[in-house]
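Novice: structure of the sequence below:
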Amino acid sequence: MAEYEAFILDLKMAIDMNVYELLVIGDSDLLIHQVQRESVIKNPRITPYVQLIQQLCKRFRKIEFRHTPKMQNDLENALATNASMIKHPDTNYIDSLDIEVKKRHVHCSHVEVEPDGLPWYFDIKKYLETGTYPENETFNQRKSIRRRAHNFFSSGEILYMRTLDLGLLKCVDVIDVVKLLE
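Specialist: Below you'll find the predicted structure:
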């Protein structure tokens, strides 16, 4: 969310400076694709940020987005460092966003059983335990399982997913989900 808030501030500053054409260079491929409607927004808390960014983008005659990998983005890092040292004279410059969180998320209203009857995390757990893949998996599917498996930790029969703050979330199947929702 911090990246989205920083981007909103950058756009507002460009608008205040009467910039009509803008080249946005960023290292967040996801942010760029979501703003350009090329990627689905999975986190409902991000939606208001993306909608505000899309509204602000309409204020420019021309706006172009360019993704640059983090390692090659020395210009953005230097600008971000400089920007963090400058205090804007108007302390109320950054408008706060009011985000309403629903009591019950849409994804909690309906739970589907996987077509094969196995839990959603079965392939990852099998890979962590045995190093094998499901039959008939393509190279890209195997690569995806390997990449995703780095974020999981198996302890006996229980599979946990690591969070960014190094916490662990227990992976549950559809039966456990139904019990939890009840």
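Novice: what bits of the protein have low per-residue confidence?
Specialist: 70-113 (pLDDT under 70).
Novice: which strand or helix spans the residue nearest to the spatial centre of it?
Specialist: With distances taken as C-alpha atoms, centre = their mean, the residue of the chain nearest its centroid is residue 30 (6.3 Å). Here residue 30 sits within helix 29-35, counting by DSSP states H and E.
Novice: nearest residue to the residue nearest to the centre of the chain in space, ignoring adjacent ones along the chain?
Specialist: Nearest residue to residue 30 in three dimensions, chain neighbours excluded: residue 39, at 6.3 Å (C-beta to C-beta, 6 or more residues apart in numbering). No exception for glycine: its C-beta is placed from N, CA and C like everyone else's.
Novice: for that neighbour, helix, strand, or coil?
Specialist: The three-state label for residue 39, taken from DSSP: H, G, I helix; E, B strand; the rest coil, comes out as coil.
Novice: let's see the helix ranked longest in the chain as PDB, backbone CA atoms only.
Specialist: Assignment by DSSP state H gives helix 2-16 as the longest helix of the chain. C-alpha atoms of helix 2-16 as PDB (Å, rounded to 0.1, in the frame of the first residue of the first chain):
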ATOM      1  CA  ALA A   2       2.900   2.300   0.600                       C
ATOM      2  CA  GLU A   3       3.900   2.000  -3.000                       C
ATOM      3  CA  TYR A   4       0.400   3.000  -4.100                       C
ATOM      4  CA  GLU A   5       0.400   5.900  -1.700                       C
ATOM      5  CA  ALA A   6       3.700   7.100  -3.000                       C
ATOM      6  CA  PHE A   7       2.600   6.900  -6.500                       C
ATOM      7  CA  ILE A   8      -0.600   8.900  -5.700                       C
ATOM      8  CA  LEU A   9       1.600  11.600  -4.100                       C
ATOM      9  CA  ASP A  10       3.800  11.600  -7.200                       C
ATOM     10  CA  LEU A  11       0.900  12.000  -9.600                       C
ATOM     11  CA  LYS A  12      -0.600  14.800  -7.500                       C
ATOM     12  CA  MET A  13       2.700  16.600  -7.500                       C
ATOM     13  CA  ALA A  14       3.000  16.300 -11.300                       C
ATOM     14  CA  ILE A  15      -0.600  17.600 -11.600                       C
ATOM     15  CA  ASP A  16       0.200  20.600  -9.400                       C
END
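Novice: all the helices of this structure, residue numbers only.
Specialist: Using DSSP H, the helices assigned to the chain run over residues 2-16, 29-35, 47-57, 74-85, 122-130, 139-149, 174-181.
Novice: which of these sits most buried?
Specialist: helix 29-35 (a mean of 18; mean count of other C-beta atoms under 10 Å).
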